[in-house]
Every structure is written in C-alpha cells, then in structure tokens.
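would you be able to build a 3D model of this:
(2 chains)
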2 protein chains.
Amino acid sequence: MTDKNLCQLPPVKAVLNSLAKNRITFQMYDDVRVEPTDQSFMDAITFAKKEEFDAYVAVGGGSVIDTCKAANLYASSPESDFLDYVNAPIGKGKSVTVPLKPFIAVPTTAGTGSETTGIAIFDYKELKVKTGIASRAIKPTLGMIDPLHTLHMPERVVANGGFDVLCHALEAYTALPYKMRSPCPSNPINRPAYQGSNPISDVWAVHALRIVAKYLKRAVRMPDDHEARANMHLASAFAGIGFGNAGVHLWTVIPHLLSNLLIYSNLYYYIILTNILSNHLRLCLILGADIRTAKIKDAGLILADTLRKFLFDLNVDDGLAAIGYSKADIPALVKGTLPQERVTKLAPRPQTEEELSALFEASMKLY
Amino acid sequence: MTDKNLCQLPPVKAVLNSLAKNRITFQMYDDVRVEPTDQSFMDAITFAKKEEFDAYVAVGGGSVIDTCKAANLYASSPESDFLDYVNAPIGKGKSVTVPLKPFIAVPTTAGTGSETTGIAIFDYKELKVKTGIASRAIKPTLGMIDPLHTLHMPERVVANGGFDVLCHALEAYTALPYKMRSPCPSNPINRPAYQGSNPISDVWAVHALRIVAKYLKRAVRMPDDHEARANMHLASAFAGIGFGNAGVHLWTVIPHLLSNLLIYSNLYYYIILTNILSNHLRLCLILGADIRTAKIKDAGLILADTLRKFLFDLNVDDGLAAIGYSKADIPALVKGTLPQERVTKLAPRPQTEEELSALFEASMKLY
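Below you'll find the predicted structure:
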C-alpha cells in the first residue's frame, strides 16, 4: 500500500525491487488518500478483501500506514461493520479478537510515528470529526526505520512532520497520568491504547523531545544533513512509542494536521492552570529556554513562548487564520472536539465549551 | 518456579492465592538454585518435561527466571541435547525455532532485569565458566513489575542488586556500537541477542542510570522508602531492556555476582584507553560527579573514582580479596574469561591475557 505520489519515489521502488528479487507475488494499492476519510479507508478495505493476502507492506507516511492498519483489520474480520471497531462514542469501540496478518510498515516521513502505534486516524465525513481505530492488535508487526527513505522529503514536509513529533512528545508527557484516568478498568488488559502518561511513555517522550531540540532545525534547513534527518526519523518512532502508549490530548481533536501545530502555543497558556507546572519547566529546559530565574507559576507561559519561537524560526504559518479559518468556523471546531472523549479526557484538566471556544479564538494568530 | 527461600515469602503466596482463586491446576518447583549450574538447569528441565504444562510462572530473582527460561525451552524441544542451545563456543549456539509456552515472570529482586531479556545464565561446572543461552525466543511473555514484591529484600540484597543495575546500564552504554561488531551477519535477523550498543539501548541504559543515581542509596538505607524501591525495581527492568539488547561486556565474565561489582571500578581504568571518552564523561555527570573542569582524557579515571565512591558509600566489600580470592586464583579467572567471546568481543577494546590478568590483580583491593 502506498499513495500516488510515493509510488514514483525511491522508497517504493526499493520495496518493489526487493519483492521482485525474492520472487514474491503481490498486488499494489496506490490509492491511499493523504488525510484519510471513512470512504478512503473503506476503498482500501474493499481492495484487501478481494484476495487472500498473506501479509501487508505499507510504504509511506501516517496516512498510508493507518490505511493499511484498517485494511488488515477488516479483511481479517470480514463480517464486521466499519463502525464496529471505530472509537466510541462515534463507533462501537469493540475489542479486536481476530488474528491479523503480518504487517511491515516502512515510514517515509518523520512525523506520525504510525509504525509504532496501534492507532489509525481518519476524518469521519458525516460528523465532520477526526476519529480512529485504536487497538494494540493493529500495530504493525515490524517497522523499518531507514533514514534514506526520508531524503526525498521537501523542506515543508520535514518542518511539519517535525512539529508533529514535537507535539506528540509534549502531549504524551503532559497527558493525565495513567493512575488518574477514569474510569479505571477492572483488569489492566482492558486499559485503552491511550492509557495516560506513565514511567515508560515518559522516557520516550522526553528522549524524543531532546532529539527535536537538537536536530529539527538542522533537518529542515539543511537537506543534506543526513545525521539530522536520521535522528528526526528515530525521534518520530520514539515519540510514537510514547504517545501510542500514553495518548495525546487536546491537539489531536483539531481536524487538520497543520492546525494542530498552530493551536499549540496557545494550548499551553491554557494548561498553565493545572498543577503539573514543574513538568512544564522540564520541557522548557529541554527545548533550550533559560529557566534559571523562572518562577514555577510561569511555566505555561514560558513553554508557550518557547514553542512560539520554534514555530516562528521554522516559518510555520501564523495561526489558524493564515490557513483559512475564521471566527465563523469556531462553533464547528468546538462541536468536532466535544465527542472525542478518548483524547480530551487525557488533557491535564477538563474543558468547557466556552474554554475550547476561547482556545480556538486565541489561536487564530500566533506571532 | 521459585526457590526454597522465596516460597515462604509474600510474592509466592500472592501467586499461589491467585492460582487457587482462579482454579488453575499447577505444580510448584521450588528447587531452583541461586546462581544456577548446568546441573540445576537440568533438574528443572527434567521436572518440566514430566508433564504437559500449558504455561510457566517464575517468581523470584534472576536465578529463578533464568532457570524457568531453560525449562520452558528444553521442555518445548524435548529432542535437543543440553549443549545445543548453549552459547558457542562452549555449546552449539543453535537458533531456537520451536514454539515455547507462555511464560509470566514476576521479579522479586531489583537487579538482574531477567524478566526483560532472552538470556539465561548458568555456571558450567566442568569448564568452571559462566555461560548461558541467548535467544529472543526464551524471553518471558509478560513481566509483572510490582514494587510490593521487593519490600522483603534485606539491605545487602538491595545494595548488590542495585549495583547489578548500575553495571548493566554502564556496560550496555559502553558496549561496542552494533555497527562495529564483527562478524556482521548477512541478515539483521541473525544478529545475536547481544548486538552491541544502539540508539534504543542507549535510551534505556542512560535512563536506568539516572534512576540509580537518584534512588539507589535511598532504597538501600531506608527500607520503608517505597518510592525509592519502586523506582529501583523499574530501573532494573529498564537496564535489562538496555543490556538485553546491547549486551554487556567484561564484567559478566567473572564467575561470581559480587566480584562483578568489585572489579568494576578498575575496569574503567582499563577502558580509559579507548576513544569513547566523551560517553564516559556523560556517565560521570549522571552519577553526580563534578565535571566542570574535567579533561576528556581523564574521563575513565573520573568514572572509576565515581564508581569507587558509590561502592564505598554502600559498604560493598573491599575488592576480590575481601570475598576470598587471592593472587593464586588469577590464572583460573583469566582462563574462565577467555572463551566467552560473546561478551568479551563487545568490550570497547580487545583484551590480551596479560591485560586481563592485570585487571584482576588491580581489583583485589579497591578503596
């Protein structure tokens, strides 16, 4: 599985050559939609159900890998309705009990970390929300993290993917601790894939953030800096292990990749009201802020400023307004956010409709 | 599986109660030998072969978990000779291709991290060497890392286990990088369990070391400090993930647990001759040494001093002499070291017989 753009590029060619060399018969599906929808997932599922495939290989970014997760799942569970496995309350959120086929993910972007997670995200058109399928069962069997596959990425893709990594790491680290999530399942095996921050996810989130602080700007500005691109590719997987296990919270609810990033620096104004400020100061330090004279109550503000500087240094668009949103869109944005309890409940504090509205409004312009 | 001491203690009772409550029929083997030998492994294997067990549960330290790994392996491969899976050149080092039974490991010490590794270590009496079985296939299916299980540990067990964690972390981080190991296998799947240090094992090794620096002394000195014991229990698993993946090098070759620790501070005098000194300075910093005016060429000496101070602060015996070794034992110690290429080749530089001899001699007394 891949997409129309990638099938012309070296990573797909490398896989096709390897399949030919090893005389493995295969069929290629290159109709993956970037930013998948329920319809594009279903198209891929229909393709996967047509034959008895022994294994899957996804070559691409998060959209390709997520689509392949869905195809593998529903082809292995042919009687299921599409909504059976989609997260509640939008879908039925059923547990996956069928065995899936082996699945190799070859990421070609440094951003989503999808090769490390059991999560497949799509836009559910009817309700205009971003939702997904979350189960350890759909995680790829093997991820091949080869930095040579990221050398074709244009500068903007590196920058946006790098911010995805940054956000994943920040969100995983600041997600509600797993002990504070409610409801607490009666058996740990029933914990959701997004179980809240924990001592394992913290290790990965913090480590990924250190790599971002050191390498992201180099990776964006110097396409030939293989060391920086290799490290960002690893950081993408590391942050994926972190957030795939801890969860993400508010930013994921925004139905557009870039807007996730733009809203971020304002999100931190918001979180300043919580009591996990010392964690925020630790994040500031890793991102290079001078916190020697910082007061702990200012941690949210300092983190927001640090993130804003990051966005500015990398020429990211100036807020939601710069990518086409206006005040008139805010009610719809809020409405799309509210049903996504799986993630919103992991935010360090609960949100009212009014607070979400103010958050979107404050994110219209950043600099 | 457990040992005679543990079967009187709360962790085993908790497992027995759980088995009874869930009406699971079982047999208990409590003859595990602390510091297992080929004979004690074979006794456990004979027990495991007598019945068709569906699953294994090991409750104990590294000796129990390692013995259970061997029992699960050979009961699942009943035609194999004991030496078939033992590391070459002592055994045949065959790959494990048979399916093993599910295996739950419940560690009761914070030290070996055996619940995270595919390694089972024993003393091979005939050759007077420590060797083992290394395969991802023998790794427990699940580890249950519950700090309440470590509260019964006496102070010396906490101290010695803590040094095991310290050594695992240091060794994993300073092991030869995986790209420099030779021979390089033609296919990555054929890399040994000890594949050399790499970006993943580095994360775990460094993180475990940070926990050791913060919590080990507290865990030893204050038995009621649950936070410290819980963190050391996690650090044991973290260091296990690190060294189980990167490998360890020189210290493992010494055929006695405590001597591993004692020889350590001298080992670092030795490694100072290598060119990975900046890594050593990073370790010094994590362990609390003041390196502001340190010269990079002194990194080995500073690390040795830092480790010596750790040993001294925790009342560890003063060198190999204090635990009963004398100069007359050195030739036998060297002879036991030489055949263990699986680990010695991961040391940052090769060793001659004379150098090993000098290393043992210098480790007779530490303070």
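
going forward, measure contacts and count neighbours with C-alpha atoms only.
Fine.

helix or strand right after the strand or helix carrying A:Leu301?
If you go by DSSP states H and E, A:Leu301 is part of helix A:299-313. Beyond helix A:299-313 in the direction of the C-terminus, DSSP H and E gives the next helix or strand as helix A:319-322.

could you list the buried residues of that next one?
Residues of helix A:319-322 classed as buried by neighbour count (16 or more other Cα atoms under 10 Å in any protein chain shown): A:319-321.

buried residues in stretch A:204-213?
Neighbour-count burial for stretch A:204-213 [16+ other Cα under 10 Å]: A:204-213.

how about stretch A:216-224?
Neighbour-count burial for stretch A:216-224 [16+ other Cα under 10 Å]: A:216-220, A:223.

stretch A:70-80 too?
Buried-residue list, stretch A:70-80, by 16+ other Cα under 10 Å: A:70-77.

contacts for that stretch?
A:41-42, A:44-46, A:48-49, A:56, A:82, A:98-101, A:103, A:120, A:133, A:138 (Cα atoms under 8 Å, 6 or more residues apart in numbering or on different chains).

out of those residues, which end up buried?
Applying 16+ other Cα under 10 Å to these flags A:41-42, A:44-45, A:48-49, A:56, A:82, A:100-101, A:103, A:120, A:133, A:138 as buried.

which ones among the residues you listed map onto helices?
Those of these mapping onto helices are A:41-42, A:44-45, A:48-49, per DSSP state H.

just give me the closest of the residues you listed to A:Tyr178.
Taking Cα to Cα as the measure, A:Tyr178 lies nearest A:Phe41 of these, at 30.7 Å.

burial of the spatially closest residue to A:Ile138 that is not a sequence neighbour, as a residue count?
Once flanking residues are discounted, A:Ile138 sits nearest to A:Gly118: 5.1 Å by Cα to Cα, 6 or more residues apart in numbering or on different chains. Look at A:Gly118: counted by other Cα atoms under 10 Å in any protein chain shown, it has 22 neighbours.

what of A:Asn160?
The local packing of A:Asn160 (other Cα under 10 Å) involves 20 other residues.

what segments of chain A are strands?
A:56-60, A:103-107, A:119-124, A:129-134, A:142-143 (DSSP state E).

helices or strands up against the shortest one?
Packed against strand A:142-143 by the contact rule (3 or more Cα pairs under 8 Å, 6 or more residues apart in numbering or on different chains; DSSP states H and E) you find strand A:103-107.

what helices or strands is the strand it packs on leaning on?
Contact partners of strand A:103-107 among helices and strands, from 3+ Cα pairs under 8 Å, 6+ apart: strand A:56-60, helix A:62-75, strand A:142-143.

let me have those in CSV, extended by mean pLDDT.
Formatted as CSV, these follow (pLDDT from 0 to 100):
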stretch, mean pLDDT
strand A:56-60, 97
helix A:62-75, 97
strand A:142-143, 95
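
could I get these as a markdown table with distance to B:Asp313?
Compiled in a markdown table, those are given as follows (distance: least, Cα to Cα, whole Å):
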| stretch | distance to B:Asp313 |
| --- | --- |
| strand A:56-60 | 53 |
| helix A:62-75 | 51 |
| strand A:142-143 | 44 |
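
how about these, which one is nearest A:Leu19?
Per Cα to Cα, nearest to A:Leu19 of the helices and strands packed on strand A:103-107: strand A:56-60, 10.4 Å.

does anything pack onto that closest one? Which helices or strands?
Applying 3+ Cα pairs under 8 Å, 6+ apart, one finds that strand A:56-60 contacts helix A:62-75, strand A:103-107.

hmm, back to that, tell me the one of the buried residues of stretch A:70-80 nearest B:Leu151?
For those, the nearest to B:Leu151 is A:Leu73 (43.6 Å; Cα to Cα).

which secondary element of chain A has the worst mean pLDDT?
The element with the least model confidence among the helices and strands of chain A, by mean pLDDT, DSSP states H and E, is helix A:257-262, at a mean of 46.

one step back: closest one of the buried residues of stretch A:70-80 to B:Ile189?
A:Asn72 (24.2 Å).

that closest one and B:Ile121: what is the separation?
40 Å (Cα to Cα, to the nearest Å).

just want the angle from the longest helix along chain A to helix B:199-221.
Secondary structure of chain A read by DSSP H shows that its longest helix is helix A:199-221. On the basis of axes from the mean of the first three to the mean of the last three Cα atoms, to 10 degrees, helix A:199-221 is oriented at 140 degrees to helix B:199-221.

residues in contact with helix A:199-221?
So helix A:199-221 is in contact with A:155-156, A:158-159, A:162, A:165-166, A:168-170, A:172-173, A:225-226, A:228-229, A:231-232, A:235-236, A:238-239, A:241-243, A:245-246, A:283, A:286-288, A:314, B:203, B:207, going by Cα under 8 Å, 6+ apart.

any idea how many residues pack against A:Ile296?
17.

ok, the one 4 residues further on next?
Summarising burial for A:Gly300: neighbours were counted as other Cα under 10 Å, giving 27.

thought it was touching A:His280?
Yes. Here A:Gly300 reaches A:His280: they are 6.5 Å apart, a contact under Cα atoms under 8 Å.

which residues does A:Ile330 contact?
A:357, A:360-361.

may I ask which of these has the most neighbours?
Busiest of the contacts of A:Ile330 [other Cα under 10 Å] is A:Phe360, holding 26 neighbours.

report pLDDT for the residue nearest to that one when sequence neighbours are not counted.
Distance criterion Cα to Cα, 6+ apart; nearest residue to A:Phe360, sequence neighbours excluded, is A:Ile330 at 6.5 Å. For A:Ile330, the model assigns a pLDDT of 88.

repeat that for A:Tyr325.
Turning to A:Tyr325, the model gives it a pLDDT of 87.

contacts only, for the closest residue to it other than its chain neighbours.
In space, and not counting its chain neighbours, A:Tyr325 is closest to A:Met364: 7.6 Å by Cα to Cα, 6+ apart. Shown in contact with A:Met364 (Cα under 8 Å, 6+ apart): A:263, A:318-322, A:325-326.

which one of those is nearest B:Asp3?
Distances from B:Asp3 to the contacts of A:Met364, taken by Cα to Cα, are shortest for A:Ile263, at 56.8 Å.

still on that earlier bit, can you list the buried residues of stretch A:204-213 in TSV and add pLDDT?
Shown next, in TSV, are the buried residues of stretch A:204-213 (pLDDT from 0 to 100):
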residue	pLDDT
A:Trp204	94
A:Ala205	92
A:Val206	92
A:His207	93
A:Ala208	94
A:Leu209	93
A:Arg210	93
A:Ile211	95
A:Val212	94
A:Ala213	93
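
if I look at the most centrally placed residue in chain A, how far off is B:Arg210?
Centroid-nearest residue in chain A, with Cα atoms, centre = their mean: A:Thr112, separated by 4.5 Å. Separation of A:Thr112 from B:Arg210 (Cα to Cα) stands at 29 Å.

just A:Gly162 next, same as before
27 Å.

next one: A:Ala70
Distance of A:Ala70 to B:Arg210, computed by Cα to Cα: 40 Å.

swap in A:Lys139?
With distances taken as Cα to Cα, A:Lys139 is found 31 Å from B:Arg210.

residues in contact with stretch A:53-62?
Taking Cα under 8 Å, 6+ apart as the rule, stretch A:53-62 contacts A:1-3, A:6, A:11-12, A:64-65, A:68, A:72, A:101-115.
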